[in-house]
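In: based on what follows, work out the 3D shape:
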Amino acid sequence: MISKRFGFVAIGTALVLSACSFAEEALWPSLTGEDPTAPTRAAAAQPAAAPSQTAAAPLPAAPPTMPVRQPPLGNTNFQPPGVTPGAPTGTDVGKKVVSLRQGLGKLQNSIVEHNTLLQQLRAKMVQDSQRYHGTVAAINARLQVGTTPGNPILVQQFNGAQTELDRLNADIGEMNRLANAVASDSTMSNFLSESARASFRLSGAIDEDHRQLAILEDEVNRTVVLIDRLLKEVADDVRRQTSYVATERGNLNLLSAGVKTGEIYGASLINRAMIAAAGDSRPTATAGGAGRRPLIVIRFDRPDVPYQQALYNAISRALERRPNAQFDLVAVAPSGGGTARVALNSSKVRRLAEGVLRSLVEMGLPPSRISVSSQTSEAAKSNEAHVYLR
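Out: Numbering: from 1, shown residues only. Alright, predicted model coming up:
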């Protein structure tokens with residue numbers, strides 16, 4: 001469930017400019033330059049109440065990434081070859097052949113039942129996926145044109161999308177149980193195959209017994225191959241759909257943040273990083289140095305600073321260049337005003353930085369990729385959060 005976010009989120013360009021500033025060239029590869037917190041002559045000439053004109057223009061919003069469509073499911077219809085009937089011969093080996101033929105018949109009936117269940121599950125998974133993506137598309141369409149934070153209609157739609165994804169996850173659980181049942185069929189088929197081969201070595205058989213045994217052994221072997229193919233296809237379906245649902249969980253978490261703020265972001269940051277990593281064979285560069293410049297500076301100079309979209313854009317661009325990148329989140333408090341004021345600002349900016357950290361996690365960036373620290377600065381005029389590429 002998404003709790004409604006209350007409060008006014010400014011969307012005007014002038015407000016974003018006063019809240020966030022970028023060092024776009026710092027994304028790649030340069031990490032050096034002037035300290036962006038240092039005051040400039042242009043800034044000093046502005047009235048205190050006017051928005052900062054020294055901040056670089058924010059990066060353009062990343063185009064919304066289309067949701068990852070459901071990976072293809074297998075389409076094989078598994079039908080067993082059937083069992084050739086045979087007349088009893090009255091010998092002990094003939095009785096063994098009858099017993100094996102009955103066992104093969106039961107096994108093939110089980111395959112028919114499991115194949116029917118597989119086709120039903122595949123059809124249900126496609127329907128659940130279509131409903132899920134239809135709901136997500138409706139939410140993104142509304143966010144694309146702009147809406148209010150915590151719009152109750154979008155909250156309801158988001159809850160519906162969660163339900164549909166939960167249904168899809170339950171379908172995967174059913175298919176996993178089917179895989180276990182097919183594995184039991186595989187064990188039975190191997191037993192019948194070994195028994196048929198062993199029956200050729202029994203004494204007291206007549207030629208008709210061996211003729212029927214040869215036919216039975218061929219049918220058992222074809223059934224073994226069919227079960228192996230069935231088991232592999234079910235396992236592939238489970239693997240692909242499990243990965244797909246995990247990816248959509250990340251995108252849905254980011255979508256929830258978009259519904260809270262009334263803004264559209266795109267794909268989960270970790271999913272974007274994985275896509276970028278798949279298509280990037282360049283060596284990873286090492287970032288560091290005392291003079292490095294931040295990807296983004298968030299100035300908390302008024303309540304409810306709308307930094308989420310700018311933060312997402314900055315981090316996603318960094319991940320496009322360096323999919324394995326890690327980040328440093330630094331809470332910066334002004335060092336002026338006396339010891340008590342510094343202590344108060346330091347405590348407040350740490351709480352604000354925790355909010356930035358939560359936003360990054362909601363956007364899909366793993367906490368293990370983010371290091372959080374705090375410091376004071378003479379150049380800072382308000383509480384700030386700096387995000388660096390490590």
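In: so A170 versus N253, what's the distance?
Out: With distances taken as C-beta to C-beta, to the nearest Å, A170 is found 19 Å from N253. Where you see a C-beta, it was placed from the backbone N, CA and C, and this is true even at glycine.
In: helix or strand: which one has S129?
Out: Assessed by DSSP states H and E, S129 sits inside helix 92-145.
In: and the gap between the most centrally placed residue in the chain and K124?
Out: With distances taken as C-alpha atoms, centre = their mean, T247 lies nearest the centre of the chain, 1.9 Å away. Shown here: T247 relative to K124, a distance of 20 Å by C-beta to C-beta.
In: so P80 versus L213, what's the distance?
Out: 19 Å.
In: returning to that earlier point: what about the residue nearest to the centre of the chain, helix or strand, and which?
Out: With DSSP H and E as criterion, T247 is part of helix 207-261.
In: that helix: how far from the chain's middle?
Out: Centre-to-centre, helix 207-261 and its host chain are 21 Å apart (C-alpha atoms, centre = their mean, to the nearest Å).
In: check stretch 71-81 too.
Out: 27 Å.
In: for stretch 92-111, same thing?
Out: For stretch 92-111, the distance to the chain centre is 47 Å (C-alpha atoms, centre = their mean).
In: for that stretch, buried residues please.
Out: Under the neighbour-count criterion of 16 or more other C-beta atoms under 10 Å, stretch 92-111 has V93, G94, K96, V97, L100, R101, G103, L104, L107, Q108, S110, I111 buried.
In: can you pull out the helices in the chain?
Out: Using DSSP state H, the helices found in the chain span residues 13-19, 41-44, 92-145, 152-199, 207-261, 269-278, 308-321, 339-362.
In: hey, least reliable of those by pLDDT?
Out: Among these, helix 41-44 carries the lowest mean pLDDT, at a mean of 32.
In: how far off helix 207-261 does the helix holding S129 point, in degrees?
Out: Relative orientation of helix 92-145 and helix 207-261, computed by axes from the mean of the first three to the mean of the last three C-alpha atoms, to 10 degrees: 20 degrees.
In: counting by contacts, list what helix 92-145 packs against.
Out: helix 152-199, helix 207-261 (3 or more C-beta pairs under 8 Å, 6 or more residues apart in numbering; DSSP states H and E).
In: just these: most buried one?
Out: Compared across the helices and strands packed on helix 92-145, helix 207-261 shows the largest average neighbour count, a mean of 19 (mean count of other C-beta atoms under 10 Å).
In: that one to helix 152-199, inter-axis angle?
Out: Counting by the same axes, to 10 degrees, helix 207-261 lies at 160 degrees to helix 152-199.
In: and helix 207-261, what does it pack onto?
Out: Judged by 3+ C-beta pairs under 8 Å, 6+ apart, helix 207-261 is in contact with helix 92-145, helix 152-199, helix 269-278, helix 308-321, helix 339-362.
In: wait, which of those helices is closest to E233?
Out: Taking C-beta to C-beta, helix 92-145 is the member of these nearest to E233, at 8.2 Å.
In: circling back to that earlier point, got the helices of the chain as TSV, with distance to I296 columns?
Out: Formatted as TSV, the helices of the chain follow (distance: least, C-beta to C-beta, whole Å):
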stretch	distance to I296
helix 13-19	10
helix 41-44	18
helix 92-145	22
helix 152-199	26
helix 207-261	16
helix 269-278	14
helix 308-321	4
helix 339-362	10
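In: out of the ones you listed, which gets nearest to V297?
Out: Closest approach to V297 among these is made by helix 13-19 (9.1 Å; C-beta to C-beta).
In: so what's L231 closest to, chain neighbours aside?
Out: V182 (4.8 Å; C-beta to C-beta, 6 or more residues apart in numbering).
In: pretty sure the one you found sits against L230.
Out: Yes: counting by C-beta atoms under 8 Å, V182 does reach L230; the two are 5.5 Å apart.
In: find residues that contact each of those two.
Out: H114 (C-beta atoms under 8 Å, 6 or more residues apart in numbering).
In: now G103: how far from A181?
Out: From G103 to A181 the distance is 17 Å (C-beta to C-beta).
In: with G90 instead?
Out: The value you get for G90 to A181, if C-beta to C-beta is used, is 37 Å.
In: L216 now?
Out: 24 Å.
In: now swap in F327 and tell me
Out: 46 Å.
In: got it, and N253?
Out: Distance of N253 to A181, given as C-beta to C-beta: 33 Å.
In: before we move on, what about A123?
Out: Distance from A123 to A181, by C-beta to C-beta: 19 Å.
In: what of D207?
Out: For D207, the distance to A181 - C-beta to C-beta - is 39 Å.
In: same question, P367
Out: 39 Å.
In: residues contacting S374?
Out: With contact taken as C-beta under 8 Å, 6+ apart, S374 is in contact with V330, A331, V332, A333, S346, V349, R350, A353.
In: out of these, give me the two with the largest separation.
Out: So, those by C-beta to C-beta: farthest apart are V330 and S346, at 12.2 Å.
In: please parse the chain into its domains.
Out: 13-62+279-389, 92-261 (automatic domain parsing).
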